[in-house]
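K.L.:
Have a look; sequence and predicted model below, questions after that.
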Amino acid sequence: MIASIKKLLFALVFLALAVFLTGAKSAAQTTLVTLEGIVTDEQGSPLPGAAVAARNAETGYSKSATTKEDGRYIISGLQAGTYECEVSIPGFAKEIRKGLAFAVGARYTIDFVLKQTAIEEEVVITAQAPMVETTKSEVSIVVGRDKIDSLPLLDRDFGALTLIKAGAFAAEGETAIRGEVRSNGQPFGSEDILTDGVSNEWVGVNAVHMTVPADAIQEFRVMTNQYEAEYGNASGMVRSAITRSGTNEYHGRVAFFYRDEFFDNVNYFVNHEGYNGSELSGDEYDKPPFSHYNWSGNIGGPIKKDKAHFFLAYEGLSHTEYSTITSPLVEQESVPWDRTNNQVMFKLNYQPSEKNLFSFRYGLNRPQENNLGVGGKNTKTTAYNNDQVAHDFQLNWTNYPSDSTMNEVRVLYAYESYAYHSAYDDNSYYVERPSGFFGKPANWPQVIDTKRYQLIDNFTLFLGDHSVKFGVDASRVLLGGTISQYVPGYYFFTTDAPFDPADFATYPLVFVKALEVAEIDSPYWEVGTFVQDSWRVSSRLTFNYGLRFNYYQIQYMDFDTFDIRHFNPRFAFSWDPIGDGRTVIRGGVGTYSQNPMLNYGLLIGVMDQLAVQQFIYPGYPDPNVPNPFVPYIPPMDVPLDSYSGEPNSIYPYTVQATLGVQREVITDLSLGFDVIWVKGQKFNRMENDNPVIPYSNYSRPDPTQSNVYVFRMAGKSDYKALYVTVSKRYSNGWSLDIAYTLSDSKADVDGQLTGVYSYAADGWDRMYGPTNHDARHRLAVMGIVDLPWGFQLSGSAYYRSALPWTPFYADDINQDLLKTDMEPGQNRNSRRGFDQFNLNFRLSKYFDIDTFRFQLFAEVYNLTNKNNFGDVYEVIGEPGFGEPLSAGGPRRVQLGARFDF
């Protein structure tokens, strides 16, 4: 521990020295906007001493600068929003540009040409911010408030709009969790999520920590490649969202959304006799009932105009579905399972002067689920509840000590708790019979609490043609709780007959119990420090380069702290070949490290505590009372799988190279092409050091032990892609975004705990194949168009080509206790399944009355009712082989209303 801290401190000192040796400045901010350019006269001569001011038209917050000898200016630290810029100097007409919409984390180049005049004159221009960021090298897009507000969003998940970024895809099947979106063909947990510049990630599995109400999001930037050194904890995509703030006018909204089974079609497998079977008539099946209510409201406004503002948002959810119990041992009935959530976001902003800007944000999530796990053979007593709560407290301070410096401090305290409990009795036994399951699930209850303390300090220097920024991002995460595995115990019966103390055949065969509840105490360190420079070589060429160092510490895992691969160098360029600010050629190369998941250490710690005993022919209902029909058999210790981490592990990382071009071909419409190559290394593989040796009569190298799993950072991936994007920002009553991805992705891991399919010598070699989400083609289209008479039509369309799957034999052919034997000569994911297409629309009608607006709308999801088949039956030679087991959502309808004031 002490040695690791010494290494970390040495690395921090090393990077700090590197900063001062560069002697330069930085413009890029995690969430803030940078504005730069040159002020000249009509002959092109620079105008030093000109005053340039940017004022937020909604809040009144302002920031100003004075042009240097070469006429250049730079204003950094602006919040995203709509601005007006004013430029003035004696002897020239003052120019004011209004309507400039600045996006989160953007860097804009806006030049001014002033007209010489003998009298005081003012020129007012209504303009737009540039479509093309000619000084940025990252491959990214911004999803603005107009899209969040106008596009159909099932379940009100604004993150679904991430798919409009080429290269992004929604995780499907068993590897998906918490609405996860990925990129670059990377395995589970490779992305990072930021809200207002701080972490919004639960490090247990690197998934979303807190969902923010959609109406509380101002906009978010999606960066898939070539982002700067200030961004870390990701080998794939980074999504950075900013929340809304109050303005100088009071505004608010009340909204309601509703869905039920009446308007919806049913899933393909409800009204068909299996795959490709005949369609059933309406009286041959029951339409599964459900109800979905979503209500929300927000209000914001000034506390003191131009100085202090507030914003408050709330969103509630009530969702009910029904599961049918089919076990013949109990009454066959439908049981409701409920899902509710209450979300709150409160924000304060305060700018006492141009030198200081403060903000505070509080977030609350309160999701609850009841009666989970019931249905099929699972009877009512197996039901469990999931009770969660999450709190965020964030404080930001942006300070401008001088005209050439800026400092950002962000502090976060985040808390998350989830508790799984039996809906009936946490102390009941779990009972398994051939035709039905009863009692508390064997791995409940679980109670997990997570606390994150995060401090970020970024300092920026503005000197000459360079822009240097350096900073530190440190998080201390404390995860604790309890996991009850086989407590109080698990009974296995071979008969459905009711228990009869006088009948030996009705006694259980086995009883399994753990000796104690596992206690969790898993501290975690996540630290990054960086230096980066944006060098304006000329008015057309910019170099963006930097270096990041990453440090992670997980209990029970051992990492080689100062390995050279934990330093992430990045070099990129952006070039405006024409010089009109409408074209950029960009590219670069760099390395990107991912934070390893805390779950690895947690699993090691839990399994290290777990001690399990097995009783053969136990008594019932008390296993400690002997079975009267057999001699007493003492309980036996069950050999359990062991888990450990490989010494001197390396953090997962990627090497990325990109080259692209973007051009504003006509006003407000840009076209872009990017070629992407991403090579992933050191992803986690769960390797077994004591496997069953194939064709050895089920023997192991060490017969005294069970499986000996070692987490080895040995996984690899390879991703090649072409991104094509078309973006028409909202103007003249319409907007359009098109993202096409042509890609090829291969890897030998996909999930967080990927194991091998065969213990043969070439087992891991054969795991290397197309990733589970390798779709050759992906297309996303989103659009908004205003219609006459107060109507608006908006929609989204998503297409992906077929995903791969792996066929397996039904039997354990090579006798290694893994029933995942693949076809001879084939690697993982050797076959292709089904493509998918979803077309979604919203039709809205607005009623404007004075300053109020009332909106009615209807949304249709999967308008064409395409059968989007999913999982495939993989067992070779059996009926149904190669046929789908599931289908995505059918045509669904959501109705809603909004009232804005």
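P.N.:
Everything's here; your move.

K.L.:
give the contact list for Gly581.
P.N.:
Contacts here follow CB atoms under 8 Å, 6 or more residues apart in numbering; on that basis Gly581 touches 109, 111, 130, 132, 134. The way it works is simple: take the backbone N, C-alpha and C, and place the C-beta from them, glycine included.

K.L.:
Kindly recompute the last result at 7 Å.
P.N.:
Residues near Gly581 by CB atoms under 7 Å, 6 or more residues apart in numbering: 109, 130, 132, 134.

K.L.:
Could you list the low-pLDDT ranges of the stretch 501-650 of the chain?
P.N.:
Across the stretch 501-650 of the chain, nothing is flagged by pLDDT under 70.

K.L.:
At which residues are the helices of it located?
P.N.:
Counting by DSSP state H, counting those that start in this stretch, the segments of the stretch 501-650 of the chain that form helices are 599-609.

K.L.:
What of the stretch 101-250 of the chain?
P.N.:
Going by DSSP H, counting those that start in this stretch, the stretch 101-250 of the chain shows helices at 145-150.

K.L.:
Contact partners for Gln368?
P.N.:
Contacts for Gln368 were tallied using CB under 7 Å, 6+ apart; they are 340, 386-388.

K.L.:
burial count for Ser281?
P.N.:
A total of 8 residues lie near Ser281 under the criterion other CB atoms under 10 Å.

K.L.:
how much space between it and Asn271?
P.N.:
Distance, Ser281 to Asn271, using CB to CB, to the nearest Å: 9 Å.

K.L.:
Now do the helices in the stretch 301-450 of the chain.
P.N.:
Using DSSP H, counting those that start in this stretch, no helices are assigned anywhere in the stretch 301-450 of the chain.

K.L.:
about what we covered before: flag the least confident of the contacts of Gly581.
P.N.:
pLDDT across those is lowest for Pro130, at 87.

K.L.:
so where's the longest strand in this protein?
P.N.:
strand 708-731 (DSSP state E).

K.L.:
Mind exporting the C-alpha coordinates of that strand to PDB?
P.N.:
The C-alpha coordinates for strand 708-731 follow below in PDB (Å, rounded to 0.1, in the frame of the first residue of the first chain):
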ATOM      1  CA  VAL A 708      -9.100 -21.900  -9.700                       C
ATOM      2  CA  TYR A 709     -10.000 -18.700 -11.500                       C
ATOM      3  CA  VAL A 710      -7.500 -16.000 -12.100                       C
ATOM      4  CA  PHE A 711      -8.400 -12.600 -13.400                       C
ATOM      5  CA  ARG A 712      -5.800 -12.000 -16.100                       C
ATOM      6  CA  MET A 713      -5.600  -8.800 -18.100                       C
ATOM      7  CA  ALA A 714      -4.900 -10.700 -21.400                       C
ATOM      8  CA  GLY A 715      -8.000 -10.000 -23.500                       C
ATOM      9  CA  LYS A 716      -7.700  -8.200 -26.800                       C
ATOM     10  CA  SER A 717      -9.900  -6.500 -29.400                       C
ATOM     11  CA  ASP A 718      -9.600  -5.000 -32.900                       C
ATOM     12  CA  TYR A 719     -12.000  -2.500 -34.500                       C
ATOM     13  CA  LYS A 720     -12.000  -0.900 -37.900                       C
ATOM     14  CA  ALA A 721     -14.800   1.400 -39.000                       C
ATOM     15  CA  LEU A 722     -15.900   4.100 -41.400                       C
ATOM     16  CA  TYR A 723     -18.200   6.800 -39.900                       C
ATOM     17  CA  VAL A 724     -20.400   8.900 -42.200                       C
ATOM     18  CA  THR A 725     -22.400  11.700 -40.700                       C
ATOM     19  CA  VAL A 726     -24.900  14.200 -42.000                       C
ATOM     20  CA  SER A 727     -26.100  17.000 -39.600                       C
ATOM     21  CA  LYS A 728     -28.600  19.700 -40.400                       C
ATOM     22  CA  ARG A 729     -29.100  21.800 -37.300                       C
ATOM     23  CA  TYR A 730     -32.600  23.100 -36.600                       C
ATOM     24  CA  SER A 731     -33.400  26.100 -38.700                       C
END
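
K.L.:
Surely Gln394 touches Asp196?
P.N.:
Yes: if you go by CB atoms under 7 Å, Gln394 and Asp196 touch, sitting 6.1 Å apart.

K.L.:
can you list residues touching both of those two?
P.N.:
Common contact partners of Gln394 and Asp196 (CB under 7 Å, 6+ apart): Arg361.

K.L.:
Domain ranges for the chain, per the record?
P.N.:
As assigned by automatic domain parsing, the chain contains the domains 29-126, 139-243, 251-900.

K.L.:
Can you pull out the low-pLDDT segments for this protein?
P.N.:
In the chain, residues with pLDDT under 70: 1-30, 120, 173-179.

K.L.:
a markdown table for the contacts of Gly581, including neighbour count?
P.N.:
Formatted as a markdown table, the contacts of Gly581 follow (neighbours: other CB atoms under 10 Å):
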| residue | neighbour count |
| --- | --- |
| Thr109 | 20 |
| Pro130 | 18 |
| Val132 | 23 |
| Thr134 | 26 |
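
K.L.:
In strands only, show me those.
P.N.:
Thr109.

K.L.:
now, among the contacts of Gly581, which is nearest to Asp850?
P.N.:
Pro130 (35.7 Å; CB to CB).

K.L.:
isn't the closest one right next to Tyr108, touching?
P.N.:
Yes: Pro130 lies in contact with Tyr108 (CB under 7 Å); the separation is 5.6 Å.

K.L.:
just to revisit the earlier point, quick one, which of the domains of the chain is packed in tightest?
P.N.:
Mean neighbour count (mean count of other CB atoms under 10 Å) peaks for domain 139-243 among these, with a mean of 23.
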